[in-house]
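Colleague: Prediction below, plus the sequence it came from.
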Amino acid sequence: VTTDSVLQVYHVFFDYALRSVEGMMLLPEAARLNENMIAQVQKEYETIEDPEVKPEAGAVLAYFGAAQLAFGQELPADFPAELRSLVESEMELIESASGVQESPIFGYKLDYSLFTPRGHYTRSEELTKYFLGMSWYGVVPFPLYKADGKTPDKQSAMRSIIASAALARLPDEDGGKLWESIYSTSSFFVGSADDLTPYQLSDIIIKVYGADPDLNSIADPA
């Protein structure tokens, strides 16, 4: 018995455990949470009137709409028509995985080759769906600063606020607990996130806007 053979056995066991958890537990939970987020963000989108905030709420709703299709689910029948075509165009680029293209939703370039399934994610349709949906979350962040790390990205920050507020406003079993279940399980296998979590963002939002922010006011905080 060599060290290499032990490591190979460990790798086989780890990969089997990971793909089993992803296919049987994490995919259904992620799809359910995403569906809940669409419902909540759509409520926010329909009530927001501020002309500077409304487009960012639409981008957030389209963001979760694209994830919905990536996870193999359908968009709600009442999904806003003005956003549906953007989401469907985004999904075409995700499925084509054809390299750097301009995102129909966000207007900046994304590397769609990152959506090419690999490893155990090619083993089943469910694992491929999980890979595409979770890759979408990872490839399209909402950074608080632009690429120089110094200039605030106001539009992206508003998107972060809208998404975090929507998660906080969901009933705990439909939002926070689902997110914790997904995050704690995935981080056990692959490590903690490098980016800010929704809870960390919520702490910042509460300090600036209060516990129940009026999303119409986030463009110009007092």
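Modeller: Cool, got the structure. Numbering: from 1, shown residues only.
Colleague: And Val12, what's its pLDDT?
Modeller: Looking at Val12, its pLDDT reads 53.
Colleague: meant to ask about Ala67
Modeller: So Ala67 comes in at 98 (pLDDT).
Colleague: Look at it and tell me its secondary structure.
Modeller: Secondary structure, DSSP: H, G, I helix; E, B strand; the rest coil: Ala67 is helix.
Colleague: That one contacts Val139, doesn't it?
Modeller: No - the criterion here is Cβ atoms under 8 Å, and Ala67 misses it with Val139 at 10.9 Å. All C-beta spots, glycine's among them, are computed from the backbone N, C-alpha and C.
Colleague: So which of the two has more stuff around it?
Modeller: Taking other Cβ atoms under 10 Å, Ala67 and Val139 do not tie; Ala67 has more neighbours (28 against 14).
Colleague: Now do the contacts for that one.
Modeller: Residues counted as contacts of Ala67 (Cβ atoms under 8 Å, 6 or more residues apart in numbering) are 34, 133, 136-137.
Colleague: For Thr151, see how far away it is.
Modeller: Separation of Ala67 from Thr151 (Cβ to Cβ, to the nearest Å) stands at 28 Å.
Colleague: Kindly report the same for Ser164.
Modeller: In terms of Cβ to Cβ, Ser164 sits 21 Å off from Thr151.
Colleague: Which parts of the protein are helices?
Modeller: With DSSP state H as the criterion, the chain has helices at 3-21, 27-47, 54-70, 81-96, 125-139, 154-169, 176-190, 198-209.
Colleague: Can you say which of these is packed in most?
Modeller: Among the helices of the chain, helix 54-70 has the highest mean neighbour count (mean count of other Cβ atoms under 10 Å), at a mean of 24.
Colleague: report the angle between the axes of that helix and helix 27-47?
Modeller: 160 degrees (axes from the mean of the first three to the mean of the last three Cα atoms, to 10 degrees).
Colleague: Please pull out the lowest mean pLDDT helix or strand from the protein.
Modeller: Within the chain, no helix or strand scores below helix 3-21, which has a mean of 60 by mean pLDDT, DSSP states H and E.
Colleague: In the chain, where is pLDDT below threshold?
Modeller: Low-confidence segments of the chain (pLDDT under 70): 1-18, 189, 221-222.
Colleague: rerun that using 90 as the cut-off
Modeller: Counting by pLDDT under 90, the ranges of the chain that qualify are 1-25, 98, 141-150, 152, 183-213, 217, 219-222.
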